[in-house]
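# The following comprises the amino acid sequence and a computationally predicted model.
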Amino acid sequence: MQDINNEGQTNHFPFIQGENLELCAPNSKHAELYAKWKNDPIVRRYARNVIPRTLDEQKKRFESGGEKFKEHISFEIWHKKDKKPIGRIGLGWIDWVNGWANAYIWIGEKDYWGKNVATEATKLLIDYAFNELNLNKLHGGVAIENIGSWSVAEKLGFVLEGIEREEMYVDGKYLDNKTFCLLKEDWLKRKNNKN
Ligand SMILES: CC(C)(COP(=O)(O)OP(=O)(O)OC[C@H]1O[C@@H](n2cnc3c(N)ncnc32)[C@H](O)[C@@H]1OP(=O)(O)O)[C@@H](O)C(=O)NCCC(=O)NCCS
């Protein structure tokens, strides 16, 4: 799916530049695509989306907002070479007083799984959270069977904080949930060591 503007260029609104990806402002013209990803049985499996999301509900999400300090900030993940949106990433439950937020990600286009997309996009999100928003800590919760997701967390230096036993009900089974966190000082140390 692509939007073409009058100059024949693809319409999107890059906010953060990465090597292969951009994190863009969510685009109401892509509501259909976002709804498709939210309802996809494989994509939503471990993402706790157990109620169908209608297209109307998805569109309504663009109506709210306007407040400066939001509880939720989300991006569209844009694939630069293929010139298309492939997923969503963001920060939820932002606690501005204590300086933490919950990080989440969906690569809605399954053809892009296993190609380092989540790793690159999450790195961009982490830099944004710590260096622009001045948050101090990111959380992430991942079903134990969602190996792709917790591999990304471990690769980026998230530390296991605990295991919540039988926290999620997926496909008729209770699954344990791994809870991870990343502190700003650990992220900066890690980045400095790599330079
Ligand atoms: C989970 C998800 C974000 C991963 O995205 P991705 O772009 O495929 O992730 P990456 O390619 O950056 O990294 C995945 C890593 O997990 C590893 N991995 C994935 N499945 C694996 C498996 N079954 N066994 C071992 N390793 C596995 C990959 O090898 C890769 O590690 P590597 O780069 O060291 O090889 C993506 O599958 C997704 O959006 N799923 C649906 C929504 C979802 O579950 N979101 C997370 C909710 S917590």
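Sure, I can see it. Residues are numbered from 1 along each chain as shown.

# contacting residues for N98?
Residues in contact with N98 (CB atoms under 8 Å, 6 or more residues apart in numbering) are N136. Quick note: C-beta positions are derived from backbone N, CA and C, even for glycine.

# Only alpha carbons, please: show stretch 159-175 as PDB.
Listed next in PDB are the C-alpha coordinates belonging to stretch 159-175 (Å, rounded to 0.1, in the frame of the first residue of the first chain):
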ATOM      1  CA  VAL A 159      17.500  -7.300  31.700                       C
ATOM      2  CA  LEU A 160      15.100 -10.000  32.900                       C
ATOM      3  CA  GLU A 161      13.200  -8.600  35.900                       C
ATOM      4  CA  GLY A 162      11.000 -11.600  36.500                       C
ATOM      5  CA  ILE A 163       8.700 -14.200  35.300                       C
ATOM      6  CA  GLU A 164       5.000 -13.800  35.800                       C
ATOM      7  CA  ARG A 165       3.600 -17.300  36.000                       C
ATOM      8  CA  GLU A 166       0.600 -18.200  33.900                       C
ATOM      9  CA  GLU A 167       0.000 -14.500  33.100                       C
ATOM     10  CA  MET A 168      -1.300 -14.900  29.500                       C
ATOM     11  CA  TYR A 169      -4.000 -17.200  28.100                       C
ATOM     12  CA  VAL A 170      -3.100 -18.000  24.500                       C
ATOM     13  CA  ASP A 171      -4.600 -20.800  22.300                       C
ATOM     14  CA  GLY A 172      -6.200 -22.500  25.300                       C
ATOM     15  CA  LYS A 173      -3.000 -22.500  27.400                       C
ATOM     16  CA  TYR A 174      -1.800 -20.300  30.300                       C
ATOM     17  CA  LEU A 175       1.700 -19.000  29.400                       C
END
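
# what does that stretch rub up against?
45-46, 48, 139, 141, 143-145, 176-182, 186.

# Which of the residues you listed scores worst on pLDDT?
Scanning these for pLDDT, the low point is R48. It has 86.

# Got the confidence number for G65?
pLDDT, G65: 61.

# thinking again about what came up before, so which of the contacts of stretch 159-175 would count as near the ligand as well?
The subset of those within reach of the ligand, by CB under 6 Å from any ligand atom, is Y46.

# Out of the contacts of stretch 159-175, flag the one nearest to the ligand.
Y46 (4.3 Å; CB to the nearest ligand atom).

# for the ligand, what are the nearby residues on this protein?
Residues of the chain lying close to the ligand (CB under 6 Å from any ligand atom) are 43, 46-47, 105-107, 113-119, 142, 146-149, 151-152, 155.
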